[in-house]
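K.L.:
Kindly return the folded structure for what I paste below:
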Amino acid sequence: MPSKYKILIVDDEPLNVELLSVYLGDTYDIVTSYNGEDALKKVQNECPDLILLDVMMPDMNGYDVCRTIRNDFKIDFIPIIMVTALTGRADHQKGIEAGADEFLKKPIGKFELDKKITSLLRIKKQHDSLLTEKNKAYHYLDYVGVLVAVLDIDYRITHINKKGSDFLGYNSDKLIGREWVESFIPKDSVNAILKHYGGLVSGLIEPYGYCEFPVIISNGEERLFRWYDSPLLDDSGNATGILISGEDITEIKKAEKQLQEYAVQLERSNDLKDLFTDVMRHDLLNPAGLIKSFVELLVEIESDDYKKRLLGNVNDATEKLIAMIDDAAHLAKLESVDDISFVKVDIHSILAGTVDGFMHQIKDKNMNVKVRMENECNAVGNPMIERVFVNLLSNSIKYSPRGSTITIEVADIGDKWKISFTDQGDGVPNASKSSVFERFKRLHKEDIRGTGVGLAIVKRIMDLHKETIAVDDNPEGQGSVFWLTLKKDS
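P.N.:
Numbers count the residues shown, from 1 in each chain. Modelled structure (predicted):
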C-alpha cells in the first residue's frame, strides 16, 4: 500500500480542478484530467484509489465516464464521487445507475469533501484487504489435490478449481459453460450418472454420498474418480445445481488390485495389514486433513453467503471422507490384534455419553431415543466397547425414518448383560442377517452410500471380547434389534 492514496480529479473547469487540488494536495497524491476521454486513460494508466468526477463536461459527460469504468473497464471497486450542480432526483438516479458511489453539490466545502473521501477510502481499504486474503485462500484451494466444480441445473460447468482443470487437461476458460455429462462422461456411464444427479436434485439420494464414476480427460483416456456430490439449494430449498468434488483414484484402484493379489499370496499376513493401515492413515488421511484445514480457512474469511454454503458443502464432504478413512484404518488395526485387556466398565455411563453425543442428529431427524436400564450396570470389558455402542446407535439413526423411536435396553440374563438397540427402520432380511457384520456388506445401497465398515468394527470388537453380537427382527413391528452380551462384573 503506498504512503498516500491517489485521487483522480476530473473537471473541464481548470479553476475547479485547482481548488480541489489545493484542498487535497497535502494529504493525497493528485492526478488531474479535464475531459472524459483523458480521464479514462488516466484511470487505466494511474490506477487511482478514488475519482472525483464532474458531471457536466463536453463530448463525454460524467455519467458516460462512470458507466464506462464500471461496465467496459469492469472496475467495480474504485469509489466514484460525482461532483455536480444538478440536484434533481432524476439526476441522482441517473448517477446511481451509472455506478456512482456518492454525490457532492457544487460549490464544495472542504469539510464535507474530506468526510466523504475518508469514508469511501476506508471502505475500499477493507475491501482490498478482504479481496487479497480471499484470493490467497482460493490460491491454496486451487492446489489441493481434489477436483471441485459447480454444475448448473442443466449440468453445465459454472466454476472449476485449478486442480480440476489440471486433472481434465484443459484451461479453465475451455471448461466453463461446457455440458459436463455430454463432454466428460463415457457413454456407458451416462445413464447411471444422470440417475445419480437426478436423485441428488430430487432429494432421493443423500448428499455427500460416496460413488465412483469415470471421466474422459483431454487425451481421450478414461480415469476413475471417487465423488462426493451435493445439490445446491436456493433460499427456498429449490435445487439450482450440483457441487461435485472428486479425486482421481485410477492409480489407487490399480494399487488396490495389486495389493489384493499380494494379499492372496501372503494369505492376508499381518505385515500387509500394517502396510494398508499406514497407507490409510498417512497417504489418505493427511491430505484429507489438509483439505479440511484450507476449507475452514476459506469459511472464516469469506463474506459471501452463497460461497459460504458451497464451502460448507465441501467441508461436510471432507469430514465424511476423514471419518471413512479413520473407520477403515481402525478396522485394519483391530484385525491385527489378537488379545485385549479387560477392566470394569460402567455401561450406564457409556450409553448416556453415547446418546448425548448423537443428540444433534437425533433432534435433526425429530427422533426419540428411549433408554431402559438399571442405574448400575457394570460389566467386564475393554474401553473400546464404547465404539460398539456408538456404531450401533449411529446405524439405527442413519437407517430409521424421521420421527421414529429407537429403544436401548440393558437386560439382566443371569451372569451377563444383554444390550439391545431396537429401531423402526426397514429391517434386515433373513438372507442378510448372517452377512450384515461382514466387511463392506451394507444394505439399502440405493438409498445410502457408505463403506459398510461400521458393523464390521462392531463384530471384530465383540469377537475380541469373546461375546455375542447378532440381529433379530423387531418383535413389536417394523425394524431390527441389534443386540450383544457382556459379562457382569462380579
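K.L.:
Quick check: which ranges of the stretch 51-200 of the chain have low pLDDT?
P.N.:
Applying pLDDT under 70 to the stretch 51-200 of the chain flags residues 74, 76, 87, 134-145.
K.L.:
Scan the chain for its longest strand.
P.N.:
Looking across the chain with DSSP state E, the single longest strand is strand 222-233.
K.L.:
same question for that one, mean pLDDT?
P.N.:
Averaging pLDDT along strand 222-233 gives 91.
K.L.:
same question, stretch 27-35
P.N.:
Average pLDDT, stretch 27-35: 93.
K.L.:
Identify the residues contacting it?
P.N.:
2, 4-12, 14, 17, 21, 24, 39, 42, 46, 48, 57-60, 117 (Cβ atoms under 8 Å, 6 or more residues apart in numbering). For glycine as for every other residue, the C-beta is placed from the backbone atoms N, C-alpha and C.
K.L.:
starting at the chain centroid, how far to the longest strand of the chain?
P.N.:
Put simply, strand 222-233 sits 12 Å off its chain's centre (Cα atoms, centre = their mean, to the nearest Å).
K.L.:
Which other helices and strands does the next helix-or-strand element following that strand contact?
P.N.:
Counting by DSSP states H and E, the element after strand 222-233 in chain order, helix or strand, is strand 239-248. Helices and strands touching strand 239-248, by 3 or more Cβ pairs under 8 Å, 6 or more residues apart in numbering; DSSP states H and E, are strand 147-152, helix 187-202, strand 222-233, helix 305-335.
K.L.:
Just the C-alphas of stretch 299-311, formatted as CSV.
P.N.:
Provided in CSV are the C-alpha atoms of stretch 299-311 (Å, rounded to 0.1, in the frame of the first residue of the first chain):
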residue,chain,number,x,y,z
VAL,A,299,-15.1,-20.2,5.6
GLU,A,300,-13.5,-17.8,8.1
ILE,A,301,-12.6,-15.1,5.6
GLU,A,302,-15.4,-15.5,3.1
SER,A,303,-18.2,-12.9,3.4
ASP,A,304,-20.5,-14.0,0.6
ASP,A,305,-23.3,-16.3,2.0
TYR,A,306,-23.6,-18.3,-1.2
LYS,A,307,-19.9,-19.1,-1.3
LYS,A,308,-20.0,-19.9,2.4
ARG,A,309,-22.7,-22.5,1.6
LEU,A,310,-20.5,-24.0,-1.1
LEU,A,311,-17.6,-24.2,1.2
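K.L.:
For it, the averaged confidence score.
P.N.:
Rounded mean pLDDT across stretch 299-311 is 83.
K.L.:
Out of the helices and strands packed on strand 239-248, which gets nearest to residue 355?
P.N.:
helix 305-335 (19.2 Å; Cβ to Cβ).
K.L.:
Need the residues that contact the very next helix or strand once past that closest one.
P.N.:
Downstream of helix 305-335, the next assigned helix or strand under DSSP H and E is strand 343-346. Strand 343-346 is contacted from outside by 376-383, 385, 486, 489, using Cβ under 8 Å, 6+ apart.
K.L.:
Need the max-distance pair from those.
P.N.:
Taking Cβ to Cβ, no two of the contacts of strand 343-346 sit farther apart than 376 and 382, at 19.7 Å.
K.L.:
Those two: which is more packed in?
P.N.:
Of the pair residue 376 and residue 382, residue 382 is the one with more neighbours under other Cβ atoms under 10 Å, namely 16 against 10.
K.L.:
Which residue, other than its chain neighbours, is closest to the more buried one?
P.N.:
Counting by Cβ to Cβ, 6 or more residues apart in numbering, residue 382 lies nearest to residue 340, which is 4.7 Å off, once chain neighbours are set aside.
K.L.:
just checking, the one you found touches residue 384?
P.N.:
Yes. Residue 340 lies in contact with residue 384 (Cβ atoms under 8 Å); the separation is 7.3 Å.
K.L.:
circling back: tabulate the helices and strands packed on strand 239-248 (JSON lines), appending mean neighbour count.
P.N.:
Shown next, in JSON lines, are the helices and strands packed on strand 239-248 (neighbours: other Cβ atoms under 10 Å):
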{"stretch": "strand 147-152", "mean neighbour count": "21"}
{"stretch": "helix 187-202", "mean neighbour count": "15"}
{"stretch": "strand 222-233", "mean neighbour count": "20"}
{"stretch": "helix 305-335", "mean neighbour count": "19"}
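K.L.:
Do a quick rundown of the strands in the stretch 351-490 of the chain.
P.N.:
Taking DSSP state E, counting those that start in this stretch as the test, the strands found in the stretch 351-490 of the chain are 368-372, 378-381, 405-412, 416-422, 469-473, 480-487.
K.L.:
Can you tell me what sits against the third one?
P.N.:
What that stands for is strand 405-412. In contact with strand 405-412 (Cβ under 8 Å, 6+ apart) are residues 347-348, 351, 355, 367-374, 377, 393, 396-397, 400, 417-424.
K.L.:
so how far is stretch 388-396 from its chain's centroid?
P.N.:
With Cα atoms, centre = their mean, you get 25 Å for stretch 388-396.
K.L.:
Give me the buried subset of the contacts of strand 343-346.
P.N.:
Buried members of the contacts of strand 343-346, counted by 16 or more other Cβ atoms under 10 Å: 377-382, 385, 486, 489.
K.L.:
What segments of the stretch 1-150 of the chain are helices?
P.N.:
Secondary structure of the stretch 1-150 of the chain by DSSP state H, counting those that start in this stretch: the helices cover 14-24, 36-46, 62-67, 89-98, 110-142.
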